[in-house]
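Engineer: Build me a structure from this.
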Amino acid sequence: MKLFICLLLLHNAKGEVFSSVSDMQRVFQLERDLVNVMLHFAQRTENKLNRIKKYLNEYTTTLEEYTETYNSEDKTELLAGNPIHTYNVVKRLSIDFLNIEKELRRDEWKETELEVQRLRLGGVVPKEKDLHGAAQALIRLQDVYELDIANLAGGKIGPRDTAARLTAQDCLFIGKHCFNAGILSRSIEWFEEAWHLAGEENNATVSQDQVRQFLDHAAKEHDERVLRGEKGGNLFPRPVYQEAPQEQRNKMITRRTKIARNETELSKLDHQDDTYNFCSLCRGEEMRNGSSARLTCRYDHRDVPFFFLQPVQVEVVHDKPEILVFHRIVSKPELEHIKTLAKPSLSRSQVMGGKGGSNEVSSTRTSKTGWLDDAQDDIVLKLGRRVAMVTGLNTETASDDAEMLQVANYMNGGHYNPHFDYVMKEKAPDHMIYLPYNNLYIGDRLATWMFYLSEVGEGGRTVFPRIGAGVKPEAGAAVFWYNLLPNGAADRLTLHGACPVLYGTKWVANKWIREGSQLFKKPCPRNP
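Structural biologist: Next comes the predicted model:
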């Protein structure tokens with residue numbers, strides 16, 4: 001047993017599972033296998049019970065032949081005088097009852113327990129932190145997509161109606177999660193929904209009295225903070241005893257369009273504008289007030305002889321900075337191959353630490369990633385060279401022209417908060433990046449190329465909150481933009497983020513192209 005516990009702990013140390021489609025597929029498979037084991041156990045237990053019931057029924061039927069006018073001694077005498085009854089009672093006690101005793105001595109649960117342990121060792125087992133992560137994903141989806149809690153609890157995920165449901169106990173748990181995180185306005189809303197569901201369920205999963213205690217406590221804490229003058233996105237503008245939470249929430253959902261057309265206008269934006277624009281673009285709202293009329297779609301040969309025969313399909317998503325989408329740039333067999341190749345190496349995504357040091361896991365990015373080298377696979381190498389043909393830039397990883405292909409998988413609210421892809425610009429002491437083993441200058445991330453490897457049911461857009469642009473994922477397409485200005489400075493208009501996946505899963509593959517080897521491919525302008 002000690003060995004089993006050690007093995008289980010080692011297996012579960014691999015990390016969270018809720019943020020990866022491959023892990024969650026294994027979780028659902030594990031549950032299916034465990035259910036089959038339990039069904040088999042229930043069937044065998046039921047068979048035992050049926051044998052006992054059959055024995056009791058035969059005995060009762062035998063006694064029913066004689067009326068209650070006979071006393072016990074008379075009944076047994078009459079039974080003994082019947083040769084068929086005599087045969088049956090001998091059979092029951094010499095054969096049937098012995099078989100029942102044998103069945104009862106057999107420990108069905110011990111075999112079932114061993115099978116359950118075997119399945120757990122070979123499967124992916126969620127832990128409590130995965131439950132908290134899944135709850136946080138629901139809260140994130142509610143915030144970004146302005147989902148109605150009652151609809152969400154009833155299985156309506158955005159425009160999609162599903163058979164999934166949340167119980168009153170589930171809503172209470174999510175409300176507690178919000179409260180512990182200091183999101184008092186959301187906690188009150190979830191507690192209210194829990195209270196309503198508890199009534200509809202006749203207090204089956206949790207009682208209304210229990211929920212009322214949490215609701216009253218959250219409302220009291222909220223109103224005290226509001227009356228002290230505290231403000232912020234985690235509080236309603238007014239105490240909830242003065243105005244109902246739903247009424248205040250409706251007033252808080254406002255529309256505005258505040259974006260930057262150039263670097264000069266960036267000073268007019270703040271962090272709240274970035275956050276608001278990110279959510280608006282994730283919902284598919286247009287923010288550019290007619291400027292999209294200048295955007296075009298075209299066939300382009302990119303000055304590459306091969307593309308004269310088979311030009312690429314280019315969509316201009318934004319002009320300054322230029323953001324391009326190349327449609328049908330990767331085939332379905334190729335993208336499926338990349339996903340299959342990356343799955344074994346997927347692990348929780350990390351971001352650079354606050355001081356530019358080692359990478360760390362962060363709630364700003366919930367996905368799983370794996371890295372593929374050009375030398376690892378012919379398809380990876382082929383796609384890297386295709387990126388070079390389309391962009392006109394050097395992309396060989398062997399020469400450190402670009403980083404390895406990063407494959408990322410998002411699901412269950414998986415997202416990446418707005419960020420820049422350049423990593424060292426505007427950071428001390430300077431932006432010069434050298435490889436430690438040969439002192440080769442490779443520079444910062446000049447450009448980003450991102451393949452879309454899957455369709456996404458709902459959500460999952462790539463959006464640029466400062467310029468009001470967004471790209472909807474399309475399997476086989478790729479989006480491309482420069483992170484640096486022609487003079488080598490950081491382009492702060494390229495702030496971008498990955499919207500939470502509302503329904504389904506999202507696969508992408510990123511190719512970050514370094515500036516060091518592009519001297520003759522993209523030289524600096526004479527007049528920066």
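
Engineer: Okay, now the unreliable bits of the stretch 201-350 of the chain?
Structural biologist: Counting by pLDDT under 70, the stretch 201-350 of the chain has low-confidence residues at 254-257, 290-293, 349-350.

Engineer: can you check the chain too?
Structural biologist: 1-16, 19, 66-70, 254-257, 290-293, 349-364, 426-439, 526-528.

Engineer: Centre-most residue in it?
Structural biologist: Asn412 (2.4 Å; CA atoms, centre = their mean).

Engineer: helices or strands up against the strand or helix carrying Glu73?
Structural biologist: If you go by DSSP states H and E, Glu73 is part of helix 72-80. For helix 72-80, the packing partners by 3 or more CB pairs under 8 Å, 6 or more residues apart in numbering; DSSP states H and E come out as helix 83-91. Quick note: C-beta positions are derived from backbone N, CA and C, even for glycine.

Engineer: buried sites along the helix it packs on?
Structural biologist: Under the neighbour-count criterion of 16 or more other CB atoms under 10 Å, helix 83-91 has Asn88, Val89 buried.

Engineer: and Tyr55, how many neighbours?
Structural biologist: 15 (other CB atoms under 10 Å).

Engineer: I'd guess it is in a strand, am I close?
Structural biologist: No. Under DSSP: H, G, I helix; E, B strand; the rest coil, Tyr55 falls outside any strand and is assigned helix.

Engineer: Wait, it touches Asp96, no?
Structural biologist: Yes. If you go by CB atoms under 8 Å, Tyr55 and Asp96 touch, sitting 5.7 Å apart.

Engineer: How about the contacts made by the residue nearest to the centre of the chain?
Structural biologist: Residues near Asn412 by CB atoms under 8 Å, 6 or more residues apart in numbering: Phe18, Ser19, Met24, Ala134, Ala137, Val501.

Engineer: quick one, phi psi at it?
Structural biologist: Dihedral pair for Asn412: phi 50, psi 60, per degrees, to the nearest 10.

Engineer: related to what we said a few turns ago, distance from the helix holding Glu73 to the middle of the chain?
Structural biologist: How far helix 72-80 lies from its chain's middle: 72 Å, per CA atoms, centre = their mean, to the nearest Å.

Engineer: Contacts for stretch 179-199, please.
Structural biologist: So stretch 179-199 is contacted by 139, 142-143, 149-150, 153, 166-169, 171-172, 174-176, 178, 205-208, 210-212, 214-215, 218-219, 221-222, 225, 233-236, 240, 245-246, 248-249 (CB under 8 Å, 6+ apart).

Engineer: Please spell out which residues along it are buried.
Structural biologist: Quick answer for stretch 179-199 (16+ other CB under 10 Å): 179, 183-198.

Engineer: and those, which of them are in helices?
Structural biologist: 179, 184-198 (DSSP state H).

Engineer: Pick out whichever of these sits closest to Phe451.
Structural biologist: Arg186 (35.3 Å; CB to CB).

Engineer: Return the residue of this protein that is most distant from the centre.
Structural biologist: Quick read of the chain (CA atoms, centre = their mean): farthest out is Gly81, 74.6 Å.

Engineer: how much space between it and Glu58?
Structural biologist: Separation of Gly81 from Glu58 (CB to CB, to the nearest Å): 19 Å.

Engineer: swap in Ser207?
Structural biologist: 45 Å.

Engineer: ok, now Asp143?
Structural biologist: 65 Å.

Engineer: Please apply the same query to Glu200.
Structural biologist: Counting by CB to CB, the gap from Glu200 to Glu58 is 46 Å.

Engineer: So for these two, which sits in the more crowded spot?
Structural biologist: Neighbour comparison, Glu200 and Glu58: the larger count goes to Glu58, with 14 against 10 (by other CB under 10 Å).

Engineer: so that one sits right up against Leu93, yeah?
Structural biologist: No. Applying CB under 8 Å as the test, Glu58 and Leu93 come out as separate, 11.6 Å apart.

Engineer: For Gly229, grab the count of nearby residues.
Structural biologist: Quick note: Gly229 (other CB under 10 Å) scores 6 neighbours.

Engineer: What of Gln43?
Structural biologist: 11.

Engineer: Grab the nearest non-local neighbour of Asp148.
Structural biologist: Lys156 (7.8 Å; CB to CB, 6 or more residues apart in numbering).

Engineer: That neighbour bridge partners, please.
Structural biologist: Beta-bridge pairing of Lys156 under DSSP bridges involves Asp161.

Engineer: Isn't it up against Thr162?
Structural biologist: Yes. If you go by CB under 8 Å, Lys156 and Thr162 touch, sitting 7.4 Å apart.

Engineer: Among those two, which residue is more densely surrounded?
Structural biologist: Lys156 (15 against 10).

Engineer: What ranges does the stretch 201-350 of the chain have for its helices?
Structural biologist: 208-227, 245-252, 271-282, 305-309, 332-342 (DSSP state H, counting those that start in this stretch).

Engineer: for the shortest one, packing partners?
Structural biologist: Under the contact criterion of 3+ CB pairs under 8 Å, 6+ apart, helix 305-309 touches helix 378-391.

Engineer: which residues touch the helix it packs on?
Structural biologist: 302, 304, 306-307, 312, 326, 329-330, 334, 337-338, 341, 372-375, 393-397, 402, 405, 447, 449, 451, 478, 480, 509, 511, 513.

Engineer: Report the inter-axis angle for that helix versus helix 332-342.
Structural biologist: 120 degrees (axes from the mean of the first three to the mean of the last three CA atoms, to 10 degrees).
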